[in-house]
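In: Could you work out the structure for the sequence below:
(one chain, ligands or ions: 1)
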Amino acid sequence: MTFEPLRYPFPEAPVEGEATEVAPGVLWMRLPLPMKLDHVNVYALDEGDSWTIIDTGFDSKRTRRVWEQLLAGPMQGKPVSRVVVTHHHPDHVGMAGWFQSEHGAELWTTRTAWLFSRMLMLDEQDTPPAETIEFWQSCGMDAEILEQRKQERPFNFADVVAPMPLGFKRMKQGDVVRIGGRDWDIHMGNGHAPEHLTLWSRDDNLVISGDQIIASISPNVGVYATEPEADPLGDWLEACERLAPLAREDHLVLAGHKLPFTGLPSRMRQLIENHHGALDRLMAHIKTPKTAGDCFVPLFKRAIGAGEYGLALVEAMAHVSHLYQIGKATRMRRDDGAWLWQARD
Ligand SMILES: [Zn+2]
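Out: Alright, predicted model coming up:
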């Protein structure tokens with residue numbers, strides 16, 4: 001089967017504080033992120049006398065200022081009555097609690113996203129806990145980076161996420177919800193984040209996909225110290241295979257990062273095949289035993305800078321661990337705690 005290539009009907013991203021209307025009553029806006037991926041997309045859907053917003057950005061002084069600009073400008077001073085959060089990552093959930101407390105908005109999300117967010121808010125650390133260090137060692141983290149990280153304040157969720165008051169409305173697989181004058185089917189993504197919302201309009205061609213489906217970057221799929229034996233890549237492939245049959249050529253996909261696009265059937269194939277390609281290259285690479293940290297070259301086919309090291313390591317771990325969990329690889333502990341992964345003959 002041949003699919004249409006990806007197309008970008010809105011090639012220019014809205015500048016800070018402004019919005020692009022991508023469909024009647026649907027505003028696309030951007031918030032800054034202080035990292036290599038320097039933005040997150042958020043959307044506002046017109047409810048008549050108020051807005052439903054999808055995702056919220058990091059909580060920072062700068063984001064709050066941009067939101068104030070958006071609310072007063074393109075959002076015409078109407079209140080935000082509902083916040084939908086696609087998944088628990090801080091660039092998406094960061095300001096949700098602020099909209100709840102300051103605007104009286106309702107929070108709608110999945111149960112797992114809410115529980116994870118609330119749990120991580122409480123997990124504040126000045127230095128990495130022993131379990132995290134042990135996990136990094138099991139990944140074969142570079143010795144110099146490991147020593148440095150042991151001394152540093154780790155990334156704390158609470159540093160970039162506003163306090164979240166009690167209470168949310170659960171969204172789950174198979175729900176149909178009315179947002180912005182449209183009925184949306186709810187389908188769960190997985191693998192990038194557990195129980196990740198995707199919304200599929202019944203009334204027009206819109207798909208709101210969060211980070212489950214992005215046009216020009218492959219969403220990060222990683223294993224973390226929280227659940228070292230997880231198989232997020234297995235979860236990712238299952239979710240993509242399940243969502244792929246829903247994809248239509250006329251769909252306009254509104255994702256959490258990068259540009260809105262069409263060509264979703266093709267993109268779903270790519271999102272799946274990218275990982276199968278990576279797994280094949282890895283199988284050849286681990287003919288002799290390797291740690292996850294030794295697997296960047298076959299996996300990413302490019303050099304990994306210091307700023308991406310952490311994400312690359314958890315992604316490498318997800319791939320070798322998947323090969324182990326489907327029975328294609330074995331693993332052995334090295335003296336320093338690192339898992340050595342090797343392809344089965
Ligand atoms: Zn994101």
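In: Over to Ala239. Which of the three states is it?
Out: What DSSP: H, G, I helix; E, B strand; the rest coil gives for Ala239 is helix.
In: From what I see, it and Glu195 are in contact.
Out: No. Between Ala239 and Glu195 there is no contact under CB atoms under 8 Å: 10.1 Å. Backbone N, C-alpha and C define where each C-beta goes, glycine included.
In: who touches both of those two?
Out: Met188 (CB atoms under 8 Å, 6 or more residues apart in numbering).
In: quick one, what contacts Ala19?
Out: Contacts for Ala19 (CB under 8 Å, 6+ apart) come out as Leu27, Trp28, Met29, Ala44, Leu70, Gly73, Pro74, Met75.
In: Okay, and the third one sits in which element?
Out: Right, the one you point to is Met29. In this assignment (DSSP states H and E), Met29 forms part of strand 26-32.
In: do the last one as well
Out: No secondary structure element spans Met75, as it lies outside all helices and strands (assigned by DSSP H and E).
In: And for the fifth one?
Out: Leu70 is part of helix 61-72, with elements assigned from DSSP H and E.
In: need the next SSE after that helix, C-terminal direction.
Out: Per DSSP H and E, the first helix or strand lying C-terminal to helix 61-72 is strand 80-84.
In: Around the ion, pick out the residues from this protein.
Out: Taking CB under 5 Å from the ion as the measure of proximity, the chain contacts the ion at Asp91, Asp211, Gly256.
In: quick one: which of these is most hemmed in?
Out: Counting neighbours by other CB atoms under 10 Å, Gly256 leads the residues of the chain next to the ion with 27 neighbours.
In: For Gly167, give its distance to Pro79.
Out: 18 Å (CB to CB, to the nearest Å).
In: so what does whichever strand or helix holds Gln100 touch, helix or strand wise?
Out: In this assignment (DSSP H and E), Gln100 forms part of helix 96-103. For helix 96-103, the packing partners by 3 or more CB pairs under 8 Å, 6 or more residues apart in numbering; DSSP states H and E come out as strand 80-84, strand 106-109.
In: Including mean pLDDT, mean neighbour count and distance to Phe116, could the ones you listed go into JSON lines?
Out: Supplementary listing: these in JSON lines, determined by pLDDT from 0 to 100; neighbours: other CB atoms under 10 Å; distance: least, CB to CB, whole Å:
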{"stretch": "strand 80-84", "mean pLDDT": "98", "mean neighbour count": "22", "distance to Phe116": "16"}
{"stretch": "strand 106-109", "mean pLDDT": "98", "mean neighbour count": "21", "distance to Phe116": "10"}
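In: Going along the chain, name the helices of the stretch 101-250 of the chain.
Out: 111-122, 130-139, 143-151, 157-160, 232-243 (DSSP state H, counting those that start in this stretch).
In: Please name the residues that touch the residue positioned nearest the centre of the chain.
Out: The chain has Asp211 as the residue nearest its centroid, 4.1 Å off, counting by CA atoms, centre = their mean. By CB under 8 Å, 6+ apart, the contact list for Asp211 reads Thr86, His87, His89, His92, His192, Ala193, His196, Pro219, Ala255, Gly256, His257.
In: What's the local residue count around the fifth one?
Out: Counted with other CB under 10 Å, the neighbours of His192 add up to 24.
In: Quickly note the distance from it to Pro32.
Out: His192 is 21 Å from Pro32, where distance means CB to CB.
In: Relative to Leu45, how far out is the residue nearest to the centre of the chain?
Out: Applying CB to CB, the value for Asp211 to Leu45 is 19 Å.
In: next one: Ala23
Out: Ala23 sits 9 Å away from Leu45, going by CB to CB.
In: on that earlier part again, closest one of the residues of the chain next to the ion to Gly310?
Out: Within the residues of the chain next to the ion, proximity to Gly310 (CB to CB) peaks at Asp91, which comes in at 15.1 Å.
In: pull the CA atoms of the helix or strand harbouring that closest one into PDB?
Out: Per DSSP H and E: Asp91 is located in helix 90-93. Extracted as PDB, the C-alpha positions of helix 90-93 are listed here (Å, rounded to 0.1, in the frame of the first residue of the first chain):
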ATOM      1  CA  PRO A  90       6.000  18.400  32.800                       C
ATOM      2  CA  ASP A  91       5.900  20.300  29.500                       C
ATOM      3  CA  HIS A  92       2.300  19.200  29.200                       C
ATOM      4  CA  VAL A  93       0.900  19.200  32.700                       C
END
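In: can you pull the buried residues of that helix?
Out: For helix 90-93, the buried set under the neighbour-count rule, 16 or more other CB atoms under 10 Å, comprises Pro90, Asp91, His92, Val93.
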